[in-house]
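**Student:** Starting from these lines, generate the structure:
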Amino acid sequence: MFDRSVVESALVAEVMALEGVLLGLSEAEVVLPTRCVPWDVAALSVHTAGSLNQVLVALDQGRPGVSEGLVSAAGYYVPEVRFSPEVNAARVEGAVERAARREDAAEPGRVLGGIWDALAGRLPGEPADRRIVTRHGDPMLLTDYLVTRVVELALHGLDLADALGREPWTSGAALDVLRGVLFGSVDPEELRRVLPEGVGPRGPSLAAVRAVTGRSDSEVDRAALAAAGVRLLALG
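**Tutor:** Okay, the predicted model is just below:
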């Protein structure tokens, strides 16, 4: 189980870093292609800001029934309706359309900052056992849903950094959250066996995160990773 304060610290770090990057983009940079085809930097930025806004949407919706089984942070990324071709198509087209309507290169950064300002004012008043329902109908603890937002910000942060030719800005706090979601209690020695370059003194490295989420040039044996206990997430 994730600690809310740890998750919020990771969220703050990723939002602040990404906002700073987005606010400083040039018109030439926002049209650079990303690995998240067909999104360019602008569209991926819009999507990433929108994923954070979904927390506000969820907080404004009704709470799930107490008897409903809760979806975990890792369980959120199972290949069901939320990652169906129809849902993915709507997600892709929506971000492209919103990016095309931007006023200037920095607009996604301003939008992200505004979303975070609103969310930062809401989170302190939410209890540790607060439950929400995601737009896909998943009943979740708010803390676990915030974990998925860290995952979105951190992984798409890597996508944006690569597209811009910059060093990743992934925070140590966010990396710790990613470790928890992807690797859980995987034995480090077993992980080192199947991913020799992916384990450092503190455990799985950013390189390991890249490898198991499809953000590395190196080939990985996904079956061996799954057998070792790595959670291979279905990512839209």
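
**Student:** The spatially closest residue to A73 that is not a sequence neighbour: what secondary structure?
**Tutor:** The shortest distance from A73 to any non-neighbouring residue, by CB to CB, 6 or more residues apart in numbering, is to V147 (3.9 Å). Quick note: C-beta positions are derived from backbone N, CA and C, even for glycine. Secondary structure assignment for V147 (DSSP: H, G, I helix; E, B strand; the rest coil): helix.

**Student:** For the residue nearest the centre of the chain, give me its contacts.
**Tutor:** Central residue of the chain (CA atoms, centre = their mean): E152, 1.0 Å from the mean position. Counting by CB atoms under 8 Å, 6 or more residues apart in numbering, E152 makes contact with T48, S51, L52.

**Student:** quick one, strands of this protein?
**Tutor:** 131-133, 139-141, 199-200, 203-204 (DSSP state E).

**Student:** just to revisit the earlier point, what distance do you get for the residue nearest to the centre of the chain to G184?
**Tutor:** 19 Å (CB to CB, to the nearest Å).

**Student:** What of A227?
**Tutor:** 14 Å.

**Student:** same check, this time on V133
**Tutor:** 25 Å.

**Student:** How is this protein divided into domains?
**Tutor:** Using automatic domain parsing, the domain parsing of the chain gives 4-170, 183-236.

**Student:** V177: which of these is closest?
**Tutor:** V177 lies closest, by CB to CB, to one member of the domains of the chain: domain 4-170, at 4.6 Å.

**Student:** rewinding a little: what's the closest of the contacts of E152 to E8?
**Tutor:** L52 (12.6 Å).

**Student:** Straight-line length of stretch 95-115, end to end?
**Tutor:** Separation of the first and last residues of stretch 95-115 by CA to CA, to the nearest Å is 16 Å.

**Student:** P204 touches G198, doesn't it?
**Tutor:** Yes: if you go by CB atoms under 8 Å, P204 and G198 touch, sitting 5.8 Å apart.

**Student:** any common contacting residues for these two?
**Tutor:** Common neighbours of P204 and G198 (CB under 8 Å, 6+ apart) are L191.

**Student:** follow-up on the earlier one: could I get the strands of the chain as TSV with mean pLDDT?
**Tutor:** TSV is the format used below for those (pLDDT from 0 to 100):
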stretch	mean pLDDT
strand 131-133	94
strand 139-141	94
strand 199-200	82
strand 203-204	86
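
**Student:** Nearest to R35, out of those?
**Tutor:** strand 203-204 (21.0 Å).

**Student:** Please enumerate residues in contact with the closest one?
**Tutor:** By CB under 8 Å, 6+ apart, strand 203-204 touches R179, L182, F183, V186, P188, L191, L195, G198.

**Student:** Out of the residues you listed, which end up buried?
**Tutor:** Among the contacts of strand 203-204, those buried by neighbour count (16 or more other CB atoms under 10 Å) are R179, L182, F183, V186, L191, L195, G198.

**Student:** any weak-confidence spans in the protein?
**Tutor:** 66-67, 80-85, 88-89, 92, 96, 236 (pLDDT under 70).

**Student:** if you set the cut-off to 50 instead, what comes out?
**Tutor:** Within the chain, no stretch has pLDDT under 50.

**Student:** Can you show me the helices along it?
**Tutor:** 4-23, 27-30, 41-60, 85-100, 107-122, 142-164, 172-182, 188-194, 206-212, 222-227 (DSSP state H).

**Student:** buried set for the third one?
**Tutor:** Taking 16+ other CB under 10 Å as the basis for neighbour counts, the residues of helix 41-60 that come out buried are 41-55, 58-59.

**Student:** Now do stretch 137-146: distance from first to last residue.
**Tutor:** 16 Å.

**Student:** what distance separates it from the centre of its chain?
**Tutor:** 14 Å (CA atoms, centre = their mean, to the nearest Å).
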